[in-house]
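A.B. asks: Next input, structure requested:
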Amino acid sequence: MLRPTIAVHRVSPDAVGALTQLWVSAALESGIGEEIAARAAAGGRVGEALRRPGCAAYVATVEGTPAGFVVVNARNHGLLESSSVAIDELFVLPDQRQHGIGRALVAAVATLAETEAYDRVLSNVPAADKVANRFFARLGFTSSVTRRVVPIAVLRRKLVGEDATAGVDLLLGRRRLIKARTQRPLATPAPSLGAHHRRRPVTG
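C.D. replies: Now for the predicted structure:
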């Protein structure tokens, strides 16, 4: 049986119709509410994202019908390591999976990395997504770091909380020191010289 013809093209910020529809499908599958996804799509956020420096997206079509997409962004690592391309989103419609579309999209990312002289391709894969992890592992991707994310509001609360705890600990330490000093037993005064040299009373 012949495989369907897969074509991959880079998406222009001014022509995001197919990408937006695919993104909404991906958002719904990931658990984002339909209203929220529709509002984000209608607000032009997809086109805005593609206008950011270092951001690019590709759409794969099967016999001319959009079937999947990938979104990548440039990543810089410290002062000395070279930049990389990171796959932030990779999605294929459920009824189009297992046909090589994901591999075709990753191949487009590899071509982009070679063209723009990036040394590595990264992929952000949820730890619980076993299918995606197996897919990238088969393509040679290995585990490198654990990515941890925190909303800035939560981070601020935690930072303030730790500072407050440190202040309380310091105050309690000072109080314990003062209490220990005040409860220290007083030294017994030495007997005066006069007590040793008192004259004995005359008895006879």
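A.B. asks: those strands in this structure, which residues are they?
C.D. replies: 6-10, 55-62, 65-75, 84-92, 120-123 (DSSP state E).
A.B. asks: so what does the last one touch, helix or strand wise?
C.D. replies: If you count contacts as 3 or more C-beta pairs under 8 Å, 6 or more residues apart in numbering; DSSP states H and E, strand 120-123 packs onto strand 84-92, helix 101-115. The way it works is simple: take the backbone N, C-alpha and C, and place the C-beta from them, glycine included.
A.B. asks: Can you point out the buried residues in it?
C.D. replies: By neighbour count with 16 or more other C-beta atoms under 10 Å, strand 120-123 contains the buried residues 121-123.
A.B. asks: I'd like to check what contacts that strand. Which residues are they?
C.D. replies: 75, 82, 84-87, 90, 106, 109-110, 113, 136, 141, 144 (C-beta atoms under 8 Å, 6 or more residues apart in numbering).
A.B. asks: Give the residue spans of this structure that score low on pLDDT.
C.D. replies: When residues are selected by pLDDT under 70, those of the chain lie in 1-2, 80, 162-173, 181, 183-204.
A.B. asks: Give me the domain ranges for it.
C.D. replies: 6-148, 150-181 (automatic domain parsing).
A.B. asks: Ends of the first one, what's the gap?
C.D. replies: So that's domain 6-148. 35 Å (C-alpha to C-alpha, to the nearest Å).
A.B. asks: which one is A110 nearest to, not counting chain neighbours?
C.D. replies: V121 (6.4 Å; C-beta to C-beta, 6 or more residues apart in numbering).
A.B. asks: I'd like the distance between the one you found and V71.
C.D. replies: Separation of V121 from V71 (C-beta to C-beta, to the nearest Å) stands at 13 Å.
A.B. asks: Tell me the bridge partners for F91.
C.D. replies: F69 (DSSP bridges).
A.B. asks: what sits against it?
C.D. replies: 22-23, 25-26, 29, 68-70.
A.B. asks: Show the buried residues in these.
C.D. replies: Of those, these count as buried by 16+ other C-beta under 10 Å: 22-23, 25-26, 68-70.
A.B. asks: For the residues you listed, work out which two are farthest apart.
C.D. replies: Between any two of the buried ones among the contacts of F91, the greatest separation by C-beta to C-beta is 14.1 Å, found for S25 and V70.
A.B. asks: Tell me which of the domains of the chain sits most buried.
C.D. replies: Mean neighbour count (mean count of other C-beta atoms under 10 Å) peaks for domain 6-148 among the domains of the chain, with a mean of 15.
A.B. asks: still on that earlier bit, tabulate the helices and strands packed on strand 120-123 in JSON lines, adding columns for distance to A41.
C.D. replies: Converted to JSON lines, those look like this (distance: least, C-beta to C-beta, whole Å):
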{"stretch": "strand 84-92", "distance to A41": "14"}
{"stretch": "helix 101-115", "distance to A41": "20"}
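A.B. asks: So for G44, which of those sits nearest?
C.D. replies: Short answer: strand 84-92, nearest of those by C-beta to C-beta, at 17.6 Å.
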